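[1] Kindly return the folded structure for what I paste below:
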Amino acid sequence: MDAIDRAHLDAQTFGDADLAAELLGLFAEQCLRILPRLSDAALPGQDRADLAHNLKGSAASVGAGRVRDLAAAAESALRGGGDGADAVAALGPAVAAVLAEIAG
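    Modelled structure (predicted):
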């Protein structure tokens with residue numbers, strides 16, 4: 001299974017390959033900024049939930065479904081007072097798969 005749903009991305013960018021590449025580059029940068037902060041247990045849970053929410057939305061827009069789902073699970077757990085540790089831990093490999101596909 002591909003880490004990025006290319007049909008979804010094509011629909012979002014109206015088939016514009018340059019726009020798709022730009023969006024994927026921005027998403028990759030965002031992942032690299034957010035993931036370490038999301039993993040920082042010293043950061044307040046609501047702040048981490050906001051980070052997960054942002055990642056969820058961005059992942060949805062580029063067709064990174066696994067990242068979207070895991071970010072949603074992390075957000076839900078964090079907003080509910082949990083630590084979201086399982087979802088956050090699973091985000092690392094999911095994000096790595098997306099980044100590898102983008103670099104591909």
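[2] Tell me the spacing between Asp5 and Leu24.
    With distances defined as Cβ to Cβ, to the nearest Å, the gap from Asp5 to Leu24 amounts to 12 Å. C-beta: built from backbone N, CA, C; applies to glycine.
[3] More neighbours: these two, which one.
    More crowded of Asp5 and Leu24, by other Cβ atoms under 10 Å: Leu24, with 21 against 16.
[4] who are the neighbours in contact with the more buried one?
    By Cβ atoms under 8 Å, 6 or more residues apart in numbering, the contact set of Leu24 is Ile4, Leu9, Val62, Ile102.
[5] in the helix or strand that contains it, what's buried?
    Applying DSSP states H and E as the criterion places Leu24 in helix 17-38. By 16 or more other Cβ atoms under 10 Å, the buried positions in helix 17-38 come out as Ala20, Leu23, Leu24, Phe27, Ala28, Gln30, Cys31, Ile34, Leu35, Leu38.
[6] still on that earlier bit, turn the contacts of Leu24 into a markdown table, columns for distance to Ala94.
    Shown next, in a markdown table, are the contacts of Leu24 (distance: Cβ to Cβ, whole Å):
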| residue | distance to Ala94 |
| --- | --- |
| Ile4 | 11 |
| Leu9 | 16 |
| Val62 | 13 |
| Ile102 | 13 |
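[7] so which of those residues is the most crowded?
    Val62 (25 neighbours).
[8] where's the closest residue to that residue other than its chain neighbours relative to Ala85, distance?
    Among residues not flanking Val62 along the chain, Phe27 sits closest, at 4.9 Å (Cβ to Cβ, 6 or more residues apart in numbering). Distance of Phe27 to Ala85, given as Cβ to Cβ: 24 Å.
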